[in-house]
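Peer 1: predicted model follows, preceded by the sequence.
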Amino acid sequence: MSEGGPGLAVGDEVEVEVGAVAHGGHCVARHEGQVLFVRHALPGERVTARVTERGPKGRFLRADAVAVREASPDRVTPPCPWAGPGLCGGCDLQHVALGRQRTLKADVVREQLSRLAGLDLDVVVESVPGADDGLGWRSRVEYAVDHEGRAGLRRHRSHDLVLVDHCRIAAPGVRGLDVPGRSWFTTEAVDAVAPSAGEPVAVAVPDDPVPDVHERVEASWATGAGETRSFRREFAVSARGFWQVHPGAPATFLAAVMGPLAVHPGERALDLYSGVGLFAAALGEAVGPDGQVVAVESDGDAVERARTGLAALSWVLPVRARVDEAFGVPRPTRGPRRGGRPRRPTRSPLLPTSADVVVLDPPRTGAGEGVVRAVAALGPRAVAHVACDPAALARDTAALLAAGYRLDSLRAFDAFPMTHHVECVAHFVPDAP
């Protein structure tokens, strides 16, 4: 018996039959009424699970599969010696054949949309060009540094370091920097970046000044008029700023967003959570000088780069603001409120009161119900939602459905092979009366 109550304690081992995959890189198992979220397992397997953590009040347990009694036919030997129980926490699925990784991710997307949005859909997770074997794709890797100046990667749900020789999913340019093989005294972390244009860089945090890197994007998509639109542009991005880590992701997501939107010249578009302006640039080219694009981003560094990079598109307006506050939506509160009701922010006068199309690319937590309602109030004929978390997408989808929109299409992409992460691009249109 443990301090948290009856049942299994941390360190206990138990043989269990593994059930369905769950959101977060683990599968569900049960032992005498207790729920275990088991990593390094596959549905249908029988494994010995070692408890690694108890959830709040013992409502669930986290565990690692430390021995496999009955293996799934989809189990493979991990290509990285640092992937496994108690080792690097970066990859959840190296023990799974690549095709099966994608069906597991599809199962998670399907389950979240069913449970949280009431939609029953067939989901297929597509590959992203540039990582046929699931390795060597990650163009940005953050290494932690210990008190002896050694760089490594974190254990799962821990600050402990695993001193790897090199990361198997890191891009060749990142591996060539040999961050784990060098000493990094007085440094807290090292960001290794291999951009699509220019030389790789290693930035010691907080010692080094943060340089710009350049990312080149070339994409094409069919328009609603049956024509093909081509896009080619280079973006300046802070080496520590946000950019998709899979080299094929920016072009893939751009085509997936822009094709179904079928943007027309002269339309008004919003790009929310716009970063350095990838979608804003494509929207700006599509609407032309008779149209308008408002791009909203909270990171000041990214906004400045967008203003510089998109200066030739004078009808594109980058705005520095939190998206929720720009719409006059109060921030969610956590814990007990103090001092009465939170102040409601004033809606930004730079945001239009209507829009033809809207692109949402929120952080992992999603846009949230308040922002979704504000977007729907603009009356757009089409909304594109780019989501890196299936649960957040499902919550935002439920809010859009409640606001009078329907899900018109959904595509899912394996932009993070060997991990449980999956990217989705969903398109919404007004529901027919």
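Peer 2: Thanks, I have it. Numbers count the residues shown, from 1 in each chain.
Peer 1: next, L61: secondary structure please.
Peer 2: strand (DSSP: H, G, I helix; E, B strand; the rest coil).
Peer 1: that one touches R50, doesn't it?
Peer 2: No: using Cβ atoms under 8 Å as the test, L61 is too far from R50 to be in contact (10.2 Å). Where C-beta positions appear, they are placed from N, C-alpha and C, glycine not excepted.
Peer 1: so which elements touch the lengthiest helix in the chain?
Peer 2: Looking across the chain with DSSP state H, the single longest helix is helix 98-117. With contacts taken as 3 or more Cβ pairs under 8 Å, 6 or more residues apart in numbering; DSSP states H and E, helix 98-117 sits against strand 13-22, strand 125-127, helix 390-402, strand 405-414.
Peer 1: in the chain, where is pLDDT below threshold?
Peer 2: Where the chain drops to pLDDT under 70, the residues are 1-6, 333-342, 433.
Peer 1: which residues in it form helices?
Peer 2: Under DSSP H, the chain gives helices at 98-117, 172-176, 249-261, 278-287, 300-309, 323-326, 369-377, 390-402.
Peer 1: right, and these - which one's nearest S220?
Peer 2: helix 249-261 (6.7 Å; Cβ to Cβ).
Peer 1: give me the most central residue, the protein.
Peer 2: C388 (3.0 Å; Cα atoms, centre = their mean).
Peer 1: correct me if wrong: that residue contacts R364.
Peer 2: Yes: using Cβ under 8 Å, C388 is in contact with R364, at 5.7 Å.
Peer 1: what's the spacing between V179 and H159?
Peer 2: 18 Å (Cβ to Cβ, to the nearest Å).
Peer 1: hmm, back to that, compare L61 and R50 (neighbour count), which wins?
Peer 2: L61 (26 against 20; other Cβ atoms under 10 Å).
Peer 1: list the contacts for the more buried one?
Peer 2: The neighbours of L61, taking Cβ atoms under 8 Å, 6 or more residues apart in numbering as the test, are 7-8, 34-37, 51, 53-55.
Peer 1: now these in TSV, with distance to W243 and neighbour count?
Peer 2: Shown next, in TSV, are the contacts of L61 (distance: Cβ to Cβ, whole Å; neighbours: other Cβ atoms under 10 Å):
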residue	distance to W243	neighbour count
G7	44	16
L8	42	22
Q34	42	19
V35	37	14
L36	37	23
F37	31	21
V51	38	22
E53	32	14
R54	37	20
G55	34	13
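Peer 1: of the helices of the chain, which approaches R138 most closely?
Peer 2: The nearest among the helices of the chain, by Cβ to Cβ, is helix 172-176 at 6.8 Å.
Peer 1: CA atoms only: put that closest one into PDB for me.
Peer 2: Taking C-alpha atoms only, helix 172-176 is exported to PDB below (Å, rounded to 0.1, in the frame of the first residue of the first chain):
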ATOM      1  CA  PRO A 172      21.900  15.700 -40.400                       C
ATOM      2  CA  GLY A 173      22.700  19.400 -40.000                       C
ATOM      3  CA  VAL A 174      21.800  19.100 -36.300                       C
ATOM      4  CA  ARG A 175      23.900  16.000 -35.800                       C
ATOM      5  CA  GLY A 176      26.800  17.600 -37.500                       C
END
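Peer 1: rewinding a little: turn the contacts of L61 into CSV, including distance to M258.
Peer 2: Shown next, in CSV, are those (distance: Cβ to Cβ, whole Å):
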residue, distance to M258
G7, 51
L8, 50
Q34, 48
V35, 42
L36, 43
F37, 38
V51, 47
E53, 43
R54, 46
G55, 42
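Peer 1: which of these sit farthest apart?
Peer 2: G7 and F37 (14.4 Å).
Peer 1: what about V68, distance to L42?
Peer 2: Applying Cβ to Cβ to V68 and L42 gives a distance of 9 Å.
Peer 1: apologies, that question was intended for Q94.
Peer 2: Distance from Q94 to L42, by Cβ to Cβ: 12 Å.
Peer 1: count of neighbours near G130?
Peer 2: Neighbours of G130 (other Cβ under 10 Å): 17.
Peer 1: to clarify, my last question referred to A189.
Peer 2: 15.
Peer 1: how many other residues sit next to the residue lying closest to it once chain neighbours are set aside?
Peer 2: Among residues not flanking A189 along the chain, V205 sits closest, at 4.5 Å (Cβ to Cβ, 6 or more residues apart in numbering). Per other Cβ under 10 Å, the neighbour tally for V205 reads 17.
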